[in-house]
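[1] Pasting a predicted model and its sequence here:
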Amino acid sequence: MKNQFLMILFVFVGSVLYNPVTAQSLSVSDIENSIKKDGKYAILVSNVRYFQAAVMTGQELKSNNPKMDFEVVLIGPVVKDLATDEGLKSFIDTSEKAGIRLVVCEAAMNHFELKKTDYNGSIKFTPDGFVYFFGLQENGFKTITL
């Protein structure tokens, strides 16, 4: 009787606590294809390599999902690089053509003694990159910081 009770208890507890794991059962392409066609995504970057990667990612996503909102918010040293490094012009052009919004932090601009006229005309500005990024989150953007 005692053994039967323990067996029933184990079966009951096991069935209650059983939670199938599905993350491992999804393929890479299933996960990539689950990105919403009209989704809202933003990446916060502070260096050139991450800026370049963010633009390339945004370009790929926007090419498959033109209705998607994709923003790159720039803070820190990349703000200076964006204004002074001619090698980044192609990434700015790519962003503009793909419909990726680039938003530069004015606090970082002030730190590096830069002006809005130092930037391409397609670039947008915010007084504080962190506050802007929080605003994107509050407005339903899925965000990542690199």
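    Ah, there it is. Numbers count the residues shown, from 1 in each chain.

[2] Tell me if I'm right that residue 109 and residue 78 touch.
    No: using Cβ atoms under 8 Å, residue 109 and residue 78 do not qualify as a contacting pair, with a distance of 11.4 Å. Where you see a C-beta, it was placed from the backbone N, CA and C, and this is true even at glycine.

[3] More neighbours: which of those two?
    Using other Cβ atoms under 10 Å, the more surrounded residue of residue 109 and residue 78 is residue 78, with 24 against 21.

[4] May I ask which helix or strand encompasses the more buried one?
    Here residue 78, judged by DSSP states H and E, is contained in helix 77-84.

[5] Helix or strand next in line after that helix, which one?
    helix 89-98.

[6] between that following helix and helix 77-84, how many degrees?
    90 degrees (axes from the mean of the first three to the mean of the last three Cα atoms, to 10 degrees).

[7] buried residues in helix 89-98?
    For helix 89-98, burial by neighbour count (16 or more other Cβ atoms under 10 Å) applies to 91, 92, 95, 98.

[8] Looking at these, which is nearest residue 60?
    residue 98 (8.9 Å; Cβ to Cβ).

[9] isn't that closest one right up against residue 66?
    No: taking contacts as Cβ under 8 Å, residue 98 lies outside contact range of residue 66: 9.0 Å.

[10] Give me the residues contacting the helix or strand hosting residue 133.
    Residue 133 is part of helix 129-138, with elements assigned from DSSP H and E. Applying Cβ atoms under 8 Å, 6 or more residues apart in numbering, the contact partners of helix 129-138 are 40, 42, 44, 71, 73-75, 103-105, 107-108, 126, 143, 145.

[11] Sort out for me which of those are in helices.
    107, 108 (DSSP state H).

[12] out of the contacts of helix 129-138, which is most surrounded?
    Counting by other Cβ under 10 Å, residue 74 has the largest number of neighbours within the contacts of helix 129-138, with 28 neighbours.

[13] Skipping adjacent residues, who's closest to it in space?
    Computed as Cβ to Cβ, 6 or more residues apart in numbering, the closest residue to residue 74 that is not its neighbour in sequence is residue 104, at 4.9 Å.

[14] List the beta-bridge partners for that neighbour.
    For residue 104, the beta-bridge partners are residue 74, residue 125 (DSSP bridges).
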